[in-house]
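S.K.: quick one: sequence and predicted model below, then my questions.
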Amino acid sequence: MQLHKRDVVAKAAAILDNYGIADLTMRRLARELDVTPGALYWHFANKQELLGAVADQLLAPACAEPAPMSWQARIETVCRGLRDALLSHTDGAELVSASFAAGQSQAVEQILGGLAEAAGEAGVAAAHTELAARTVLYYVLGFTADEQSRMQWDAAGAALPDTRSALTDDPGTRFGFGLQVLVDGIAARRTSPV
């Protein structure tokens with residue numbers, strides 16, 4: 001049987017979902033695919049490249065081009081889609097954060113570009129659109145990483161401090177509140193009338 005890149009990525013995503021990012025090793029992946037670790041390096045130069053490919057697969061639903069809408073709605077739609085994609089996989093936020101930091105995810109770059117474009121449409125100075133986009137992206141990744149960590153601790157029966165806010169104990173509502181704060185901040189950074 002010939003090993004295809006898509007098969008490697010699919011098996012890596014399955015390991016991620018079943019065991020978490022800590023157990024997603026090249027050795028384990030090779031063992032589950034019944035190949036030598038060297039066979040994996042035919043498709044991926046290193047683990048970071050593999051994780052980037054898994055991140056791109058995980059983020060595919062979040063990369064769909066949104067219908068024409070206001071810059072505010074576009075940011076909210078992209079961020080909610082990104083959060084949903086991250087939550088759909090065990091350790092999704094951690095995986096994507098690591099892939100983004102290593103410069104290995106084309107999907108994250110695409111999402112970042114769309115957020116920067118929306119910031120530009122909002123009237124943010126061209127020199128600051130990427131910084132605005134990164135700030136929004138960091139919020140989504142950080143919020144979702146915290147959310148996934150809490151879900152894992154809760155599933156393990158750990159006693160965690162009560163982090164419910166006066167607003168709500170629903171993570172989706174808290175996420176939306178923070179996202180609105182960021183959108184309002186972007187609107188306040190306008191350098192030109194929109």
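M.R.: Received, thanks. Numbers count the residues shown, from 1 in each chain.

S.K.: report how many residues lie close to residue 68.
M.R.: Residues near residue 68, counting by other C-beta atoms under 10 Å, number 7. Any C-beta I mention is one placed from the backbone N, CA and C, and that applies to glycine too.

S.K.: how close does it get to residue 121?
M.R.: 11 Å (C-beta to C-beta, to the nearest Å).

S.K.: got the confidence number for the residue nearest to residue 141 when sequence neighbours are not counted?
M.R.: Distance criterion C-beta to C-beta, 6 or more residues apart in numbering; nearest residue to residue 141, sequence neighbours excluded, is residue 97 at 5.0 Å. Each residue has a pLDDT score; the one for residue 97 is 95.

S.K.: where's residue 97, which helix or strand?
M.R.: Using DSSP states H and E, residue 97 maps to helix 92-101.

S.K.: in that helix, which residues are buried?
M.R.: Neighbour counts over helix 92-101 (16 or more other C-beta atoms under 10 Å) mark 92-100 as buried.

S.K.: ok, stretch 49-68 next?
M.R.: Going by neighbour count (16+ other C-beta under 10 Å), the buried part of stretch 49-68 is 50-59, 62-63.

S.K.: please export the C-alpha coordinates of that stretch as CSV.
M.R.: C-alpha atoms of stretch 49-68 as CSV (Å, rounded to 0.1, in the frame of the first residue of the first chain):
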residue,chain,number,x,y,z
GLU,A,49,5.5,20.9,8.9
LEU,A,50,3.2,17.9,9.7
LEU,A,51,1.4,19.9,12.5
GLY,A,52,1.0,22.8,10.0
ALA,A,53,-0.8,20.4,7.6
VAL,A,54,-3.0,19.1,10.4
ALA,A,55,-3.8,22.7,11.4
ASP,A,56,-4.7,23.5,7.8
GLN,A,57,-7.1,20.6,7.6
LEU,A,58,-8.6,21.5,11.0
LEU,A,59,-9.1,25.1,9.8
ALA,A,60,-10.5,24.4,6.4
PRO,A,61,-14.1,25.1,7.5
ALA,A,62,-13.0,28.5,8.9
CYS,A,63,-11.4,29.5,5.6
ALA,A,64,-14.5,29.6,3.5
GLU,A,65,-14.9,33.0,2.0
PRO,A,66,-17.8,34.8,3.9
ALA,A,67,-20.6,36.4,1.9
PRO,A,68,-20.3,40.1,1.4
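
S.K.: mind checking how far the closest residue to residue 94 other than its chain neighbours is from residue 91?
M.R.: Closest residue in space to residue 94, ignoring its immediate chain neighbours: residue 21 at 5.4 Å, by C-beta to C-beta, 6+ apart. As judged by C-beta to C-beta, residue 21 and residue 91 stand 4 Å apart.

S.K.: and the contacts of stretch 130-138?
M.R.: Stretch 130-138 is contacted by residues 75, 79, 82, 100, 108, 111-113, 115-116, 118-119, 124, 179, 182, 186, 189 when judged by C-beta atoms under 8 Å, 6 or more residues apart in numbering.
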